[in-house]
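Peer 1: Quick check, what structure comes out for this input:
(chains A and B)
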Amino acid sequence: MTEQQFIRWSWIWSHLDEIWQRTVEHLTLTGIAVVVGFGLSLVLSIVALRFRRSYAPITWISGVFYTIPSIALFAFLVPFTGLSILTAEIGLVSYTLLILIRNIVAGIDGTPDSVREAALGMGYTDRRILWEIQVPLAVPVIVAGLRVASVTTVGLVTVTSLIGQGGYGAFIRRGLGRNFATEILVGTVMSILLATLFDYLLVRIENRSTPWVRKKDTP
Amino acid sequence: MSFFSDVVAFFTSAESWSGADGILIRTFDHVRISVFAVAVAVLLGLPIAVWLGHQRRGAFLAISIANIGRAIPSFGIVALAFPIALRLGLGFSSWPTFVALVALAIPPIFTNGYTAVREVSPAAVEASVGMGMTDLEVLTHTEIPLAMPVIWTAIRVSAVQVVATATLGAVVGWGGLGRYVIDGFAQGNEVLVFVGAILVATLSVVTDQAFAAAEKWVLPQGISSKDLTQVELGAHG
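Peer 2: Residues are numbered from 1 along each chain as shown, chains lettered A, B, ... in the order given. Presented below is the predicted three-dimensional model:
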């Protein structure tokens, strides 16, 4: 093992099947977490927007979740939910909440007063103002939140390899176990590529859904 | 439930706290590596970020560093540092963990430091120039003080993230509080895993709160982070 090459390309070519299988696993873990996290964040954001006083406690609790290291959160859950996909998802979902809720609320709140007043003057009801004006205008901020949340989740999924899940993280963990750099590198690079892909797709969605924004404005 | 009484028994036993692999030493190691990592990341990342922000240049660089920083899985970096350190003959030391922590702390510090200075109101900058301040005085007397809340929050975010990621150091043979979790997993000892989780989570929350409390002394008078809207969060550990 001492004088092996740092990257063994032959290993990569002979493991394409497994790389594909891990890609599906990684996508599934990320997809479930972001979709469930977004749904939960929408509900909590609606609560926060309706009852203003609940905003501080909601962000405080999701902030505490965000502060707890992922591995500690998984470790807390293992005695109860085992080394299961459920453990992984509870952890992953809880990390999306803070980012998503902050952005949804900030996005809806960000409608300029002048726009609201113009709509009121045109005879819009509160409900129509929310759905036809505030929500569409909030799309860029909400999508920005989704970008951060999904990119973060892709990275975090690798940690779930420590509780027997992991997607690409399984390569990293196994590579560490036998000090095989190629495998660690494959896991890391594939995770970065997947995160970048998510980011790119969400930017595309954002551009499609906000035709009034000039493309230059979105980095 | 015997599970929780076992956890309590662990914390109340004097043995768990003392010795080379006791809670106290491990907490100390964990805090020490985190402090050094954040300090080095600040020294490496902040001056350039602040200078570029002052020059109003390098927006693309700042955005790219933020995006790349977020996309890199911290577990992958910690893991990669290990075979590299072995190659360099550094062996089973704290080096892989330390290098990985520094690498992960730089992006949020750099990006937020840059944005903080760049976003200082142009009116304030113009007023300072009008009062006859030199370029350097504008930076040190106007821009940096006004940017301090964001900069401090950025350091806080990085510090919490570093404390979290240092836990993963146990996977690459380093100590710290992560040892309880990783050893617990390896031995199928859920009590140990849970104990580790409590310690790591507590240290993270304490770190976060310590930075919040220190704001009083660090920030210039009359400036607070209360009205901060968004700070770029780093990759998560």
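Peer 1: What residues of the least confident helix or strand in chain B by mean pLDDT count as buried?
Peer 2: Least confident element among the helices and strands of chain B, by mean pLDDT, DSSP states H and E: helix B:14-17 (a mean of 80). Using 16 or more other Cβ atoms under 10 Å in any protein chain shown as the burial criterion, the residues of helix B:14-17 that qualify are residue B:16. Placement of C-beta: from N, CA and C, glycine included.
Peer 1: next structured bit after that helix?
Peer 2: Under the assignment DSSP states H and E, the closest C-terminal helix or strand after helix B:14-17 is helix B:23-55.
Peer 1: Run through who's touching the helix or strand that that next one is followed by.
Peer 2: Moving toward the C-terminus from helix B:23-55, the next helix or strand (DSSP H and E) is helix B:59-71. Residues from elsewhere that reach helix B:59-71 (Cβ atoms under 8 Å, 6 or more residues apart in numbering or on different chains): A:148, A:151-152, A:154-155, A:191-192, A:195-196, A:199, A:219, B:49, B:52, B:104, B:106-108, B:110-111, B:114-115, B:118, B:232, B:234-235.
Peer 1: Mind checking which of those residues are buried?
Peer 2: For the contacts of helix B:59-71, buried by 16+ other Cβ under 10 Å: A:148, A:151-152, A:154-155, A:191-192, A:195, A:199, B:49, B:52, B:104, B:106-108, B:110-111, B:114-115, B:118, B:232, B:234-235.
Peer 1: Just the ones of the residues you listed in helices?
Peer 2: Residues from the buried ones among the contacts of helix B:59-71 lying in helices, with DSSP state H as the criterion: A:148, A:151-152, A:154-155, A:191-192, A:195, A:199, B:49, B:52, B:104, B:106-108, B:110-111, B:114-115, B:118.
Peer 1: ok, now how distant is residue B:222 from chain A?
Peer 2: 24 Å (Cβ to the nearest Cβ, to the nearest Å).
Peer 1: Residue B:87 is in contact with residue B:81, isn't it?
Peer 2: No - checked against Cβ atoms under 8 Å, the pair residue B:87 and residue B:81 is beyond contact range at 10.7 Å.
Peer 1: quick one: which of those two has more around it?
Peer 2: residue B:81 (22 against 11; other Cβ atoms under 10 Å in any protein chain shown).
Peer 1: Backbone dihedrals for the more buried one, please?
Peer 2: phi -60, psi -20 (degrees, to the nearest 10).
Peer 1: Look up which helix or strand the residue positioned nearest the centre of chain B falls in, please.
Peer 2: With distances taken as Cα atoms, centre = their mean, residue B:159 lies nearest the centre of chain B, 2.2 Å away. Counting by DSSP H and E, the element that carries residue B:159 is helix B:144-166.
Peer 1: how about that helix: buried residues?
Peer 2: Within helix B:144-166, the residues scored as buried using 16+ other Cβ under 10 Å are B:144-166.
Peer 1: swap in stretch B:93-100?
Peer 2: Neighbour-count burial for stretch B:93-100 [16+ other Cβ under 10 Å]: B:94, B:95, B:96, B:97, B:98, B:99, B:100.
Peer 1: likewise stretch B:195-203?
Peer 2: In stretch B:195-203, counting by 16+ other Cβ under 10 Å, buried: B:195, B:196, B:197, B:198, B:199, B:200, B:201, B:203.
Peer 1: residues in contact with the second one?
Peer 2: I take that to be residue B:196. Counting by Cβ under 8 Å, 6+ apart, residue B:196 touches A:72, A:75, B:177, B:178, B:179, B:180, B:181, B:182, B:184.
Peer 1: mind checking how far residue B:118 is from chain A?
Peer 2: Using Cβ to the nearest Cβ, residue B:118 is found at 13 Å from chain A.
Peer 1: returning to what we had before: filtering the buried residues of helix B:144-166 by proximity to chain A, which remain?
Peer 2: Restricting these to those touching chain A (Cβ under 8 Å from any Cβ of the partner chain) yields B:160, B:163, B:164, B:165.
Peer 1: Dump those residues to TSV, plus pLDDT.
Peer 2: Converted to TSV, those look like this (pLDDT from 0 to 100):
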residue	pLDDT
B:160	91
B:163	93
B:164	89
B:165	89
